[in-house]
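K.L.:
Attaching a predicted model along with its sequence, questions to come.
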Amino acid sequence: MEIFEITGYTSGVNRSGVNFLQPADAFQEIVNGYIFRQVLQSRQGIGYFAPRLADQTRVYGIFEHTLPDATKELLAIDENFLYKYNTTTGVFDQIAFGGSLGGGAYAGFGITSKKFYVSGTSYPTATNGARFVFTLQGGTATPGGSLIFFYDGTFVKDFTDDGAGGGDNPDYTNPPGGALTKATYVLWFNERLNFIVPTIAGIDYTQAVLYSGIRDASGNGDKFNVPGSGMLQADTYENITGASILGQVMALNFYRSNWILEKKKDAFNPYFIKKVPSVLGTDANFSAVSWHDIVKSIGKTGIIATDGVDSLRVDNKIPYFTAQEIDQIDFNLTYGGFDRVNNQFLWSYKQYEADTDTQDRVLVNNYAEDTWSVYDFRVTVFGQTDIGINLNWEHIYEVSGDPSWATWDTTEDLWDEIGLTSAVQKTLAGDDLGYIYALNKDYDDYFTTISAITQATSAVVTVTDPFFKVGDLVVVQSVAGMTEINNYDPDLEVGDEGYQESIANFQPYLVTAVAGSTVTLEVDSTLFTAATPNTGTLSKVISFSAKTIPFNPYRDLGRRCYVSHVEFLIDTNGGNLSVDVYEDEDETPFKQNILLIPNSTTKAREWITMSVDNEANFMTFDLKQVSPSVQLRLTSMRIHCQPGGYTSG
């Protein structure tokens, strides 16, 4: 009997198909999980960062605004307003309109399409005052006809309103071609303000970068008609579909190519543009993500990476994903982000033919280990911040902070990382309802507190944050009074009496309706004891799965493979693992829902054995977990096997 140990996992299947001879290739697909430091694990939770934005509309951007003194502010933009995160209260405060937009002159951005994401950049004033400049692709124009704004630390104002020297931005001057009214992207680069794909005098310059003069005390950084300002256009018919900073160059994505804008020493002709050889281009306008001296972006025919010298296709392990899995009509909903904690590129997208009008999935690429997976997050945009609340013990109070702090036994935070600790890097995401979440939470997904539960044929649960959808599977914990409705006990640990039974019998509830602050569950609570008000929590389960490639290390010998048993090295605090085993291409597994539950209380990891005792041309193992509040970690699989009979073909 031979032993094949699968560790150091990779994921995905390349264009040439499955390789039966290399079991270390590991997994065809991973859902709600990822590989990090050679360990396969279910993803962590997504949950509360701050109370819902006041307008309760789609989030179009999350930005970390850097001030001249190097301090930072966290900003968010929804359909109508700009918000600033208040580090004292933990709430996003809505920023009022001022100057020419104040006094009711301007009601809100009124962004007109879910695909019109907001681009913004920090760019100080001539006197080095703090300022955040941002631009809309479409929405309600200012009284002056502009869709370009700035935040001065107090108000949102019209960036292009010079007011004959006395308006919102007296330093501003239009380019020689006419009035600048909008742009798709804005970047602070080369000491200039750069508007990419600008609209000037009603004309869209889809291959152009409009740049200001060099920022100085005379206000040239806001002027587009002075020496050193100008507009550079790429010599191509293609449109710009992405812009980002890549070290000392600006990377521009086009439909079928990539271009680089390089700095020159000539202050009056500051840029040199060149085309980078490319095998494909970018279709999703806000999919470009810059990290580690590389920009990755998504096109309808693949995912491309450029470092300013070469452009290469990087989706060799999932070569048909963008064409087959992402909705082609709503392809431009795709938005890129980065998770520094787990070395992951993230792209939220709408699944092909999904019954939704916004994103419902996230494609995940770990660049360090070249692995791919998919999450079921429902988020519109991503952001990064190390801003948060510095908490003392007396500050842990649910009214002004995370509602999970209502009781000691329901907080979702680790005790040594409680709250939103300042200087800890966080990955944020916004959604279509105005919620802003923190990723990589402590394993609870969409965690919120319960204030009331009805006794009815379908229990109606009133919650703090109703960010659930019909069809979600959820877990109820720690409800007092109506204890019968609790379908998971968070206090049970490995080795406790009843732990294995609790894990084995766990059944999530189905969400059948969501209205206002209530969530209806498919559970009859008519005969349950009345619930104690303001007790318990509701969260979405994490449905993890990972399917191995078909396994047969003897295929080159023309032999079938006999598998005696398989060992799994699992963290003991990670709940359970359920395994299905398929032979050849059968649709029905010959072994189904084999439950593997750690039982050790003295080891961090435990080998658990599953009997297979079967022979086939090849076998596929489907690993699954429906987790209420724990993270599965699988370090290794050992497959015990030997050559079987000769293959039939």
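P.N.:
Cool, got the structure. Numbers count the residues shown, from 1 in each chain.

K.L.:
quick check: domain ranges of the protein?
P.N.:
2-46+544-646, 49-298, 393-406+442-541 (automatic domain parsing).

K.L.:
Could you point out the helix or strand that follows the helix or strand of the chain with the lowest mean pLDDT?
P.N.:
Within the chain, judged by mean pLDDT, DSSP states H and E, the helix or strand with the poorest mean is helix 499-504; its value is a mean of 78. Scanning forward in sequence from helix 499-504 by DSSP states H and E, the next helix or strand is strand 509-515.

K.L.:
any idea of the mean pLDDT in that next one?
P.N.:
Here strand 509-515 scores 97 as its mean pLDDT.

K.L.:
so how far is that strand from its chain's centroid?
P.N.:
Offset of strand 509-515 from its chain centre (Cα atoms, centre = their mean, to the nearest Å): 24 Å.

K.L.:
thinking again about what came up before, which positions in the least confident helix or strand of the chain come out as buried?
P.N.:
499-500, 502-503 (16 or more other Cβ atoms under 10 Å). For glycine as for every other residue, the C-beta is placed from the backbone atoms N, C-alpha and C.

K.L.:
so where do the helices sit in the chain?
P.N.:
Assigned by DSSP state H, the chain shows helices spanning 321-324, 499-504.

K.L.:
so can I have JSON lines of these showing distance to Lys300?
P.N.:
Formatted as JSON lines, the helices of the chain follow (distance: least, Cβ to Cβ, whole Å):
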{"stretch": "helix 321-324", "distance to Lys300": "6"}
{"stretch": "helix 499-504", "distance to Lys300": "43"}
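
K.L.:
quick one on the thing from earlier: of the buried residues of helix 499-504, closest to Asp586?
P.N.:
Lowest distance from Asp586 to those (Cβ to Cβ) belongs to Ile503, with 28.1 Å.

K.L.:
Isn't Met482 up against Ile453?
P.N.:
Yes. The criterion here is Cβ atoms under 8 Å, and Met482 meets it with Ile453 at 5.7 Å.

K.L.:
Now for the two: what residues contact both?
P.N.:
Taking Cβ atoms under 8 Å, 6 or more residues apart in numbering as the contact rule, Met482 and Ile453 both touch 525, 531.

K.L.:
what about the two, which has more around it?
P.N.:
Here Met482 and Ile453 are compared on neighbour count by other Cβ atoms under 10 Å; more neighbours surround Ile453, at 28 against 21.

K.L.:
Distance of the residue lying closest to that one once chain neighbours are set aside relative to Val514?
P.N.:
In space, and not counting its chain neighbours, Ile453 is closest to Ala531: 4.1 Å by Cβ to Cβ, 6 or more residues apart in numbering. With the distance defined as Cβ to Cβ, to the nearest Å, Ala531 ends up 19 Å from Val514.

K.L.:
who has more neighbours, the two?
P.N.:
Neighbour totals were compared for Ala531 and Val514, and Ala531 leads with 25 against 16 (other Cβ under 10 Å).

K.L.:
I figured the more buried one hits Ala459, correct?
P.N.:
No. Counting by Cβ under 8 Å, Ala531 sits too far from Ala459 to count as a contact (9.0 Å).

K.L.:
Name the residues contacting each of the two.
P.N.:
Jointly contacting Ala531 and Ala459 under the rule Cβ under 8 Å, 6+ apart are 453, 485.

K.L.:
that older thread, give the contact list for the residue nearest to Ile453.
P.N.:
450, 452-453, 479-482, 485.

K.L.:
could you redo the last one with a cut-off of 7 Å?
P.N.:
Listed by Cβ atoms under 7 Å, 6 or more residues apart in numbering, the contact partners of Ala531 are 452-453, 479, 481-482.

K.L.:
can you tell me which of these lies nearest to Phe551?
P.N.:
Distance to Phe551, by Cβ to Cβ, is smallest for Val479 among these, at 44.0 Å.

K.L.:
Tell me the predicted confidence for the closest one.
P.N.:
pLDDT, Val479: 96.

K.L.:
List the contacts of it.
P.N.:
450, 453, 485-486, 531, 535-536.

K.L.:
What score does Gly644 have for pLDDT?
P.N.:
On the pLDDT scale, Gly644 gets 94.

K.L.:
Ala423 too?
P.N.:
Looking at Ala423, the pLDDT reads 57.

K.L.:
what's the neighbour count on the closest residue in space to Val460 that isn't next to it in sequence?
P.N.:
Leaving aside its chain neighbours, Val460 sits nearest to Thr454 (4.4 Å; criterion: Cβ to Cβ, 6+ apart). Thr454 has 18 neighbours, counted by other Cβ under 10 Å.

K.L.:
How about the one 5 residues further on?
P.N.:
Residues contacting Ala459 under the criterion other Cβ under 10 Å number 22.

K.L.:
Relative to Thr526, how far out is it?
P.N.:
Counting by Cβ to Cβ, the gap from Ala459 to Thr526 is 9 Å.

K.L.:
Any idea what Leu521 is bridged to?
P.N.:
Under DSSP bridges, the beta-bridge partners of Leu521 are Val511.

K.L.:
Could you pull up the contacting residues of it?
P.N.:
Contacts of Leu521 (Cβ under 7 Å, 6+ apart): 458-459, 461, 474, 509-512.

K.L.:
and the gap between it and Ile542?
P.N.:
18 Å.

K.L.:
What is the burial count for Leu510?
P.N.:
Other residues within reach of Leu510, judged by other Cβ under 10 Å, total 15.

K.L.:
cool, and the one 5 residues further on?
P.N.:
Residues contacting Ala515 under the criterion other Cβ under 10 Å number 9.

K.L.:
where do the strands sit along the stretch 251-400 of the chain?
P.N.:
With strands called from DSSP state E, counting those that start in this stretch, the stretch 251-400 of the chain shows them at 258-263, 271-276, 289-291, 294-299, 302-306, 311-313, 335-339, 344-349, 361-366, 371-375, 381-385.

K.L.:
oh, I was asking about the stretch 451-600 of the chain
P.N.:
So, for the stretch 451-600 of the chain - with DSSP E, counting those that start in this stretch - the strands run 460-463, 473-477, 509-515, 518-521, 537-540, 542-548, 559-571, 577-583, 591-596.

K.L.:
Restricting to C-alpha, output the fourth one in PDB.
P.N.:
Listed next in PDB are the C-alpha coordinates belonging to strand 518-521 (Å, rounded to 0.1, in the frame of the first residue of the first chain):
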ATOM      1  CA  THR A 518     -37.300  41.700  10.300                       C
ATOM      2  CA  VAL A 519     -36.100  38.300   9.000                       C
ATOM      3  CA  THR A 520     -38.600  35.400   8.500                       C
ATOM      4  CA  LEU A 521     -37.200  31.900   9.100                       C
END
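
K.L.:
Now do the buried residues in stretch 268-281.
P.N.:
Within stretch 268-281, judged by 16+ other Cβ under 10 Å, the buried ones are 270-271, 273, 276, 278, 280-281.

K.L.:
What of stretch 35-48?
P.N.:
By neighbour count with 16+ other Cβ under 10 Å, stretch 35-48 contains the buried residues 35-36, 39-48.
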